[in-house]
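Asks: let's see this in three dimensions:
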Amino acid sequence: MKIALVHSTLPTFVKADRDLLRRDHQVHCVDFRWCSRRIIAAMRAVQVCDLLFVWFAGQHSFLATMLAKSLGKPIVVAAADYDLAAEPWFGYGSMRG
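Replies: Purely as a prediction, here's the structure:
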């Protein structure tokens, strides 16, 4: 299976998932940033993949996710920390409000 792995940073936990997926699958890693070269690379990776795997539900994953959805490809979003938090007393988390 061809997997496009889109991420905005490459911490150890993303590297660990990448390495696990690479054991049995062809993984194309895309370090997404908002520049035309990175956007084109992410879109190409989604077009040729069988599955999209994104770490965090942030701006970096939006375009790739929408393209994968329009192409009918399965999408896995690994959400953690900021994505799931609602801590209004110190202004943390995307689930606030």
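Asks: looking at strand pairing, list the partners for the residue most central in space within the chain.
Replies: Centroid-nearest residue in the chain, with CA atoms, centre = their mean: Val54, separated by 1.9 Å. Counting by DSSP bridges, Val54 forms beta bridges with Val6, Val77.
Asks: and the helices in the chain, which stretches?
Replies: Using DSSP state H, the helices of the chain run over 12-24, 36-48, 59-70.
Asks: what residue of the chain is the furthest out?
Replies: Going by CA atoms, centre = their mean, the residue of the chain most distant from its centre is Trp89, 28.4 Å out.
Asks: just the helices of the chain: most buried one?
Replies: When the helices of the chain are scored by mean count of other CB atoms under 10 Å, the highest mean neighbour count falls to helix 59-70 (a mean of 17). In short, each C-beta sits where N, CA and C put it, glycine included.
Asks: pLDDT score assigned to Ile40?
Replies: What the model reports for Ile40 is a pLDDT of 82.
Asks: packing partners for the worst-scoring helix or strand of the chain on mean pLDDT?
Replies: When each helix and strand of the chain is scored by mean pLDDT, DSSP states H and E, helix 36-48 comes last, with a mean of 83. Other helices and strands packing on helix 36-48, by 3 or more CB pairs under 8 Å, 6 or more residues apart in numbering; DSSP states H and E, are strand 2-7, strand 26-31, helix 59-70.
Asks: mind checking how far the nearest residue to Leu67 once chain neighbours are set aside is from Thr9?
Replies: Of all residues not flanking Leu67 in the chain, Val46 sits nearest, at 4.8 Å (CB to CB, 6 or more residues apart in numbering). Using CB to CB, to the nearest Å, Val46 is found at 19 Å from Thr9.
Asks: and Val27, by the same measure?
Replies: Between Val27 and Thr9 the distance is 17 Å, computed by CB to CB.
Asks: quick one, which of the two is more surrounded?
Replies: Counted by other CB atoms under 10 Å, Val27 and Thr9 do not tie: Val27 has more neighbours, with 21 against 11.
Asks: verify the contact between that one and Leu21 for me.
Replies: Yes. Between Val27 and Leu21 there is a contact at 4.9 Å, judged by CB atoms under 8 Å.
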